[in-house]
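Chemist: give the three-dimensional model of this entry:
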Amino acid sequence: MLCTSDKVEGPYTYQGTIVYSGFTNNAVNNVNDTDVPRVLGKNPDISRYLSNGSWNASYGTNAIDPAVFYDEEDNLRMVYGSWFGGIYMLELDEKTGLRDYNVKYETIPNVSDAYMGRKAAGGNYVSGEGPYIEYMKAPGSDKGYYYLFVSYGFFNSNGGYNMRIFRSEKPDGPFVDQNGNSAVYPSGGDNIRGKTGERLMSNYQWSCNPKPFKAQGHNSALMDADGRLYVVYHTKFDDNWGAHEVRVHQLIMNEDGWITAAPYEYSGETLSEDGHAMAAVTGDYDFIFHALDQRFENEKSADVEKPHTITLNADGTVTGHVTGTWLMKDGTPNMTVSFGGVTYKGAFLVQADESAAQTRRMTFTATGNNTCIWGSKRSAYNAAEDIVKPVEIPDGRYTLKNVNSGRYIADKDSNIVQSEKQAWNIKGIGNGEYTITDKNGRALSVENASAEDGANVLLADYTGDKSQKFRLRDNQDGSYSFLTLASDCLRCLDVYDISTDDGANICQWEFWNGSGQQFILEEAKDVEGDVNADGSVTVADLVMMQSFLLNGSDLTDWRAGDLCRDDRIDVFDLCRLRSILI
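Modeler: Now for the predicted structure:
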């Protein structure tokens with residue numbers, strides 16, 4: 001039935017019933033008390049809906065679990081139904097929100113029914129409830145599908161309850177799974193542990209989960225305005241009829257247009273547009289295989305998938321609990337894993353796990369043969385080893401402002417601190433590597449070329465060794481981090497203790513993308529008369545220009561001293577500089 005209100009909190013007013021089930025020719029639940037005669041005509045033949053005078057549950061659905069959606073032609077539709085007779089779909093009148101009586105349906109076995117509408121799934125006593133349809137497509141793609149989610153099984157923690165996925169190019173089907181199997185069951189059978197329908201997840205438990213997640217289902221799904229896909233579902237635990245919670249996982253669409261859930265609940269993660277470095281994805285993983293036929297004994301017990309160990313090796317092999325091959329597509333997060341004669345396609349994704357520390361890990365999710373697999377790398381994610389392509393910036397003079405404190409990297413008696421604005425010369429030396437030098441050519445250096453946390457950063461004469469080389473990491477928010485080659489780019493310039501104090505020390509620390517490690521590069525503007533390139537005009541500039549004219553010594557920035565704009569430095573420029581300082 002439909003109730004409406006001008007306010008989300010109500011009160012709600014009954015507007016009408018959209019569709020009925022359970023009607024008979026008996027005094028109770030009599031068909032003439034429904035809209036069936038309006039749809040089928042006066043004194044309708046309802047024999048197909050009856051069995052021995054009662055509702056024929058193998059044919060007729062339970063008119064519950066509605067989900068309303070607009071198709072891509074802006075037609076309002078409702079998918080509904082539960083168990084036994086199957087899942088059906090009706091078009092609705094957008095003006096009333098009720099059934100569109102102008103839309104007619106033929107009665108064709110396992111296809112449609114004149115009253116119940118278009119058949120989407122189930123039938124003949126198989127399980128199935130909580131249908132939901134969402135149109136989804138991969139970001140940047142013009143082609144999408146209507147995805148039908150249905151929950152199979154018995155709604156208790158030991159009832160085998162699980163989500164299955166089918167798709168169609170048309171909003172009213174036919175809906176099929178990865179192997180081309182129809183969502184409709186023309187002859188019944190036990191579908192709970194069956195091979196029809198992509199099973200999004202099984203009962204499972206990561207090592208960071210205090211108890212298993214069981215009986216996931218009765219979900220909704222969403223394609224957000226930014227193209228991200230999500231599944232919202234409830235899960236139970238291992239206490240049979242007890243507590244449950246609502247969870248959200250991001251959905252990943254693979255190259256074949258099939259969706260699979262991220263291994264951990266959503267915490268703001270995004271797919272990398274550039275893919276990942278080999279060092280970031282190879283290694284040992286906790287691995288979960290979501291079995292289609294996971295065993296259960298209703299209301300008594302149910303298996304739980306727990307992780308095994310596999311290794312993604314740099315040579316493209318998979319070893320451990322399963323053996324096979326894997327492949328990552330260059331420049332994308334897309335990946336495949338092949339074993340046991342099946343190729344599973346999906347993507348790598350950096351996620352926070354579900355421990356109290358929310359440790360960030362490289363994960364993967366993939367699907368094939370209606371089965372989904374998950375991997376979670378055992379070692380914590382290190383963004384410094386996940387540089388796909390070197391960040392490049394123009395050579396030039398820059399100031400380096402810390403995001404956390406708003407202060408700048410500066411020299412204090414040859415020690416590097418955060419303080420007032422100071423200009424630095426940043427120069428690329430190839431292979432994505434840079435040097436950072438002051439006006440006198442001295443270079444930012446990791447003391448003793450140490451690879452350890454806390455190593456001091458100071459100014460030293462330029463030698464060109466690795467202690468004076470950096471790579472930049474674009475943090476995708478307007479800031480950069482400076483990774484040190486002394487630590488093989490595992491560490492970076494860091495404001496010690498995330499301090500905001502003037503004079504706080506700059507050291508080297510393991511990269512974790514904290515605000516004390518993020519710096520905004522501001523191009524240092526030329527200041528007239530600033531021949532020593534320290535960002536301001538002082539007596540020191542006057543002394544440097546006098547020394548240049550008298551002794552031929554160097555000017556750090558001679559263009560700043562060309563105050564007469566005649567492409568030379570002479571006594572007239574010196575006079576102008578004096579007038580600026582007076």
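
Chemist: buried sites along stretch 379-396?
Modeler: If you call a residue buried by 16 or more other CB atoms under 10 Å, then stretch 379-396 has these buried ones: Tyr381, Asn382, Ala383, Ala384, Glu385, Asp386, Ile387. C-betas here are computed from N, CA, C, even on glycine.

Chemist: part of a strand, is the fourth one?
Modeler: Translated: Ala384. No. For Ala384, which was evaluated using DSSP: H, G, I helix; E, B strand; the rest coil, the result is helix, with no strand membership.

Chemist: circling back to that earlier point, and the buried residues of stretch 379-396, which two are the farthest apart?
Modeler: Tyr381 and Ile387 (13.0 Å; CB to CB).

Chemist: find residues that contact each of the two.
Modeler: Residues touching both Tyr381 and Ile387 (CB atoms under 8 Å, 6 or more residues apart in numbering): none.

Chemist: among the buried residues of stretch 379-396, which has the minimum pLDDT value?
Modeler: In this model, the minimum pLDDT among the buried residues of stretch 379-396 belongs to Ala384 (77).

Chemist: against Ser157, how distant is that residue?
Modeler: Computed with CB to CB, to the nearest Å, the distance linking Ala384 and Ser157 is 42 Å.

Chemist: what about the strands in the stretch 1-150 of the chain?
Modeler: Defined through DSSP state E, counting those that start in this stretch, the strands belonging to the stretch 1-150 of the chain, from first to last, are 2-4, 13-16, 50-51, 54-55, 67-70, 76-80, 87-91, 112-113, 117-121, 129-137, 144-152.

Chemist: how far does the first one sit from the chain's center?
Modeler: The gap between where strand 2-4 is centred and where its chain is centred comes out at 35 Å by CA atoms, centre = their mean, to the nearest Å.

Chemist: go on, the fifth one?
Modeler: For strand 67-70, the distance from its own C-alpha centre to the chain's C-alpha centre is 25 Å (CA atoms, centre = their mean).

Chemist: for the record, mean pLDDT for it?
Modeler: In this model, strand 67-70 has an average pLDDT of 97.

Chemist: report the buried residues of it.
Modeler: Within strand 67-70, the residues scored as buried using 16+ other CB under 10 Å are Ala67, Phe69.

Chemist: who does that strand touch, helix- and strand-wise?
Modeler: Other elements packing on strand 67-70 under the criterion 3 or more CB pairs under 8 Å, 6 or more residues apart in numbering; DSSP states H and E are strand 76-80, strand 129-137.

Chemist: got the angle for the longest one vs strand 117-121?
Modeler: With axes from the mean of the first three to the mean of the last three CA atoms, to 10 degrees as the basis, strand 129-137 and strand 117-121 are set at 90 degrees to each other.

Chemist: among the strands of the stretch 1-150 of the chain, which comes closest to Thr363?
Modeler: Nearest to Thr363 among the strands of the stretch 1-150 of the chain is strand 129-137; the distance by CB to CB comes to 20.8 Å.

Chemist: which neighbouring elements make contact with that closest one?
Modeler: In this structure, strand 129-137 packs against strand 67-70, strand 76-80, strand 117-121, strand 144-152, strand 214-223, strand 244-253, with contacts taken as 3+ CB pairs under 8 Å, 6+ apart.

Chemist: how about 7 Å then?
Modeler: Helices and strands touching strand 129-137, as assessed by 3 or more CB pairs under 7 Å, 6 or more residues apart in numbering; DSSP states H and E, comprise strand 67-70, strand 76-80, strand 144-152, strand 214-223.

Chemist: just the buried residues of the longest one, please?
Modeler: I take that to be strand 214-223. Lys214, Ala215, Gln216, Gly217, His218, Asn219, Ala221, Met223.

Chemist: could I get the strands of the stretch 1-150 of the chain as a markdown table with distance to Leu574?
Modeler: Conversion of those to a markdown table gives the following (distance: least, CB to CB, whole Å):
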| stretch | distance to Leu574 |
| --- | --- |
| strand 2-4 | 83 |
| strand 13-16 | 88 |
| strand 50-51 | 108 |
| strand 54-55 | 103 |
| strand 67-70 | 75 |
| strand 76-80 | 80 |
| strand 87-91 | 86 |
| strand 112-113 | 94 |
| strand 117-121 | 87 |
| strand 129-137 | 68 |
| strand 144-152 | 70 |
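
Chemist: burial count for Asp286?
Modeler: For Asp286, the count of nearby residues is 22 (other CB atoms under 10 Å).

Chemist: do the same with the one 10 residues further on
Modeler: The tally of other residues near Phe296 (other CB under 10 Å) stands at 24.

Chemist: so it sits against Gly160, correct?
Modeler: Yes. Look at Phe296 against Gly160 with CB atoms under 7 Å: they come within range, at 4.1 Å.

Chemist: any residues in contact with both of these two?
Modeler: Taking CB atoms under 7 Å, 6 or more residues apart in numbering as the criterion, Phe296 and Gly160 both touch Ala302.

Chemist: returning to what we had before: to Ala455, which of the strands of the stretch 1-150 of the chain lies closest?
Modeler: With CB to CB as the criterion, Ala455 lies closest to strand 129-137 of those, at 48.4 Å.

Chemist: direction included, what does that closest one pair up with?
Modeler: Sheet neighbours of strand 129-137, with direction, are listed as strand 144-152 (antiparallel) (DSSP bridges).

Chemist: just the CA atoms of the partner strand, as CSV, please.
Modeler: Output for strand 144-152, consisting of C-alpha atoms alone and laid out as CSV, is shown next (Å, rounded to 0.1, in the frame of the first residue of the first chain):
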residue,chain,number,x,y,z
GLY,A,144,25.3,0.3,-18.0
TYR,A,145,23.0,-2.4,-16.8
TYR,A,146,20.0,-2.8,-14.5
TYR,A,147,21.3,-4.9,-11.6
LEU,A,148,18.8,-7.1,-9.7
PHE,A,149,19.7,-8.0,-6.1
VAL,A,150,17.7,-10.8,-4.5
SER,A,151,18.3,-12.4,-1.1
TYR,A,152,18.1,-16.2,-0.9
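
Chemist: average pLDDT for that strand?
Modeler: When pLDDT is averaged along strand 144-152, the result is 97.

Chemist: show me which positions of it end up buried.
Modeler: For strand 144-152, using 16+ other CB under 10 Å, the buried residues are Gly144, Tyr145, Tyr146, Tyr147, Leu148, Phe149, Val150, Ser151, Tyr152.

Chemist: point out where this protein drops to low pLDDT.
Modeler: 240-242 (pLDDT under 70).

Chemist: where is the longest helix in it?
Modeler: helix 539-551 (DSSP state H).

Chemist: stretch 395-403: how far from the chain's middle?
Modeler: From the chain centre to the centre of stretch 395-403 is a distance of 31 Å (CA atoms, centre = their mean).

Chemist: give me the number of neighbouring residues for the residue nearest to Asp557 when sequence neighbours are not counted.
Modeler: In space, not counting the residues next to it along the chain, Asp557 is nearest to Ala533; the distance is 4.3 Å by CB to CB, 6 or more residues apart in numbering. When neighbours are counted by other CB under 10 Å, Ala533 registers 22.

Chemist: contact partners for Asn107?
Modeler: Slight slip there: residue 107 is Thr, not Asn. So Thr107 contacts Asp113, Ala114 (CB under 7 Å, 6+ apart).

Chemist: which residues sit against stretch 277-290?
Modeler: Residues external to stretch 277-290 that are found in contact with it (CB under 7 Å, 6+ apart): 199, 201-202, 204, 206-207, 305, 307-314, 321, 328, 348, 362, 371-379, 385-388.

Chemist: hmm, try it at 6 Å
Modeler: 199, 201-202, 204, 305, 307-308, 310-312, 314, 321, 348, 362, 372-378, 385-388 (CB atoms under 6 Å, 6 or more residues apart in numbering).

Chemist: which of the residues you listed fall in strands?
Modeler: Applying DSSP state E to the contacts of stretch 277-290, the entries found in strands are 199, 308, 310-312, 348, 362, 372-377.

Chemist: give me the buried subset of the residues you listed.
Modeler: For the ones in strands among the contacts of stretch 277-290, a burial check counting by 16+ other CB under 10 Å picks out Arg199, Ile310, Thr311, Leu312, Phe348, Met362, Cys372, Ile373, Trp374, Gly375, Ser376, Lys377.
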